[in-house]
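Colleague: Requesting a structural model of the entry that follows:
(one chain, ligands or ions: 1)
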Amino acid sequence: MSIHLQETQRRRTFAIVSHPDAGKTTLTEKLLLFGGAIQMAGSVKGRKAARHATSDWMALEKERGISVTSSVMQFPYEGKIVNLLDTPGHADFSEDTYRVLTAVDSALMVIDCAKGVEERTIKLMEVCRLRDTPIMTFINKLDREGRSPIELLDEVESVLGVACAPLTWPIGMGKRLKGVYHLLLDEVHVFEQGKNFTRQDSTIFKGLNAPGLEQAIGTEALNELSEELELIQGASHPFDLEQYHAGKLTPVFFGSAVNNFGVQLLLDFFVEHAPEPRSRATLSREIKPAEEKLTGFVFKIQANMDPAHRDRVAFMRICSGTYTAGMKMLQTRTNKEVRIANALTFMASDREIVESAYPGDVIGLHNHGTISIGDTFTEGEAVSFTGIPNFAPELFRRARLRDPLKMKALQKGLAQLSEEGATQFFRPLMSNDLILGAVGVLQFDVVAYRLKDEYGVDASFEPVGVVTARWVHCDDAKKLEEFREKNAMNLAIDAAGELVYLAPSRVNLQLTQERSPAVRFSATREHA
Ligand code: GDP
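Modeller: Coordinates of the predicted model:
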C-alpha cells in the first residue's frame, strides 16, 4: 500500500460539540494527555478559563501562538493520528463552529448527566445531521448525581433523532459510583479516585462472575448492574458500525472527564471505529481521499497572528493527495498558482513547519489577505468544494470613528477582521456608513478591541436600523438592475463584493420579496 493510502487510513479527524459547561474542555485535555500532546493537566483549562471573561480572552488572544495551535490539536494514539479541531466555546462564535464541522469526519458529543440534552447541543446536532456526520457520545460527570442512564438515552433518541448503542454502562452514580461495565469487552472498570489514568493504573475485572468483583463493588451494585444490563439488552440498540458511519446510531460512553474515568475506553473505541477521511462533494464531482492529487478547502481564517506583520493564517483541510513543502497549488477561485513553502502543522501542540500532510490533516497557510474562507486548492483541476456556508448575521451596528482621519485604517481593519468569518462587513450603496453584522453581541466588543489593538483605530459601534440581511441573486441582468435601482436605499456590498439586502424590518423584507419574484433572497452565502 502506498504511504499516502496508509497515512490516510490512520487519520481520525473530529470535533467535540457540547453545550457550554458539559465538559468539552476537560475532556479535550484528557484526550491530549493520552496522546502525549500535553504533559500537564491544566494547560487547556487555563486557556478556557481565561476565555470566559471578554477582557481576559482578549489579552490572551494577543498571544497568538496559543490560539493558533489550539485550533487544531494533532496527536498520535495507538498507531493512529488524531486531529482534534477546536470549536469556539462561546455561543457568539457559533458560525465558526458550523464551519469547523464541515472540516471533520466525525464528532464527539458531550452531555452532562444531570442536564441531559441541552439547547446548543440540539443546534449543533442539526448541523451534523445535515451532513450525516457520525457521532460518538460521552455522558459526563458520573461522579455527580444525574438522571437515570436509561432516561438519558431515551432523551438522546427522541430529541436528537439518533439511535443509541451503549458501549459502557455506569455502575451507580454520584457518591455511589463504583465503575463502568464495557458491554463489548465484558469488563468491569472500577472507579477509584485519583487512579484510572491508564489501563495499567485501573482495576479491571473480566466478566461479571470474576472473582473479587462482588467484593470490590458490593453485592447491591452488582445485582443492580445485572438487572439493568438485562433491561438494556432488550431495550437498546447493539453497536452497528455501518449505522454509526451513516450517522444513524451513536455509540454511548459514560464517565467522568475530570476524574479521567471512562475516557480511555472512549478513546480506544474512537480510534478503532471512527471513520477515516471521507469523500467530499465539489460543484462538479465527488473527490475521494485516495486520489493522488492534492485537494483541500479553507474553513477558517485567523488574522493578525503576528500584529507586526499583519499576516493571516488560513486553515485548510486536506481532502485528497499529499501535501509536501514547497509544492505548487492552484487556488481555484482566482485561478492563481501559489507556491506553499511554509505551511504550519499542529503536531505536538507546537507550530512547526510541516514537510508533508495527508487527507484528514489541517495545514495553516500564511497569506496577506489573498485567501478566503471556502477557497479550494488543487494541483490544477478546476473544482470547488461545496457546503461551507456564510450565515446571515442577526445583529447590526454602525461603526463610529472618533478620529475621522483614520477612515482608511478603519475600512481596512473591518474588512480584514470580517475575513475571519465571525463578523461581516457591509457598505451601503447610498451612504458612507460602515455596517458590521454579527451573530452575537460579544463580537462587537472583540472587533472594537482589535481595531484599537491591531490597527490603532478608536471606533465604537452604535445601533442601526437593520434587522436582517439577505444575499440577492437574479439570473436576469435587466431585472436585477431594476431591483437595484428601486431598492438602492437598502442595498449594500459585502466584503466579497456580493450584493446584499439590508432589511429595516421583517415586514419590509417580506414585502420586498413579494414585489420582486424574479430575485432570490438567500440567508446564507456559500463560499464558492
Ligand atoms: P465546557 O464548557 O464544555 O468546555 O466545560 P468544562 O470542561 O470547562 O467543564 C465545566 C465544569 O464542569 C468545570 O468546572 C469542570 O471542572 C467540571 N467538570 C468537567 N468534567 C467533570 C466531571 O466529570 N465531574 C464533575 N463533577 N465536574 C466536571
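
Colleague: measure the residue in the chain sticking out farthest from the centre to F205 for me?
Modeller: Distance from the C-alpha centroid of the chain peaks at P211, with 44.9 Å (CA atoms, centre = their mean). Per CB to CB, to the nearest Å, P211 is found 8 Å from F205. (C-beta placed from N, C-alpha, C; glycine too.)

Colleague: Count the residues that sit near G380.
Modeller: 11 (other CB atoms under 10 Å).

Colleague: same thing with Q6?
Modeller: As a burial measure, Q6 scores 10 neighbours (other CB under 10 Å).

Colleague: Tell me which stretches of the stretch 51-200 of the chain form strands.
Modeller: 72-77, 80-85, 106-112, 135-140, 163-166, 168-171, 179-182, 187-190 (DSSP state E, counting those that start in this stretch).

Colleague: how about these, which one is nearest the ligand?
Modeller: Closest approach to the ligand among those (CB to the nearest ligand atom): strand 135-140, 5.0 Å.

Colleague: Partner strands of the closest one and their direction?
Modeller: strand 106-112 (parallel), strand 249-254 (parallel) (DSSP bridges).

Colleague: for stretch 328-335, how far is the first residue from the last?
Modeller: In stretch 328-335, first residue to last residue: 13 Å (CA to CA, to the nearest Å).

Colleague: which parts of that stretch are buried?
Modeller: Buried residues in stretch 328-335, counted by 16 or more other CB atoms under 10 Å: 329-333.

Colleague: Check stretch 406-413 too.
Modeller: Applying 16+ other CB under 10 Å to stretch 406-413 flags 406, 409-413 as buried.

Colleague: isn't there a helix covering A415?
Modeller: Yes. Using DSSP: H, G, I helix; E, B strand; the rest coil, the assignment for A415 is a helix.

Colleague: How many residues are close by whatever residue of the stretch 301-450 of the chain ends up closest to the ligand?
Modeller: Among all residues of the stretch 301-450 of the chain, L442 sits closest to the ligand, at 15.5 Å; criterion: CB to the nearest ligand atom. Counted with other CB under 10 Å, residues neighbouring L442 total 16.

Colleague: same thing with G247?
Modeller: 20.

Colleague: Apart from its chain neighbours, what residue comes closest to it?
Modeller: D132 (3.7 Å; CB to CB, 6 or more residues apart in numbering).

Colleague: Output the buried residues of stretch 406-413 as TSV; include the columns distance to D186.
Modeller: Below are the buried residues of stretch 406-413 laid out as TSV (distance: CB to CB, whole Å):
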residue	distance to D186
K406	69
A409	66
L410	65
Q411	65
K412	63
G413	60
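
Colleague: where in the stretch 401-528 of the chain is pLDDT low?
Modeller: Scanning the stretch 401-528 of the chain for pLDDT under 70 picks out 526-528.

Colleague: Go again with 50.
Modeller: 528 (pLDDT under 50).

Colleague: Would you map the helices across it?
Modeller: 407-418, 442-455, 477-486, 506-515 (DSSP state H, counting those that start in this stretch).

Colleague: Show me where the stretch 201-350 of the chain has its helices.
Modeller: 213-217, 219-235, 241-245, 263-273.

Colleague: Pull out the buried positions in the second one.
Modeller: Translated: helix 219-235. Neighbour-count burial for helix 219-235 [16+ other CB under 10 Å]: 221-222, 224-225, 228, 232.

Colleague: List just the nearest of those to R11.
Modeller: R11 has its nearest neighbour among those in I232, at 32.9 Å by CB to CB.
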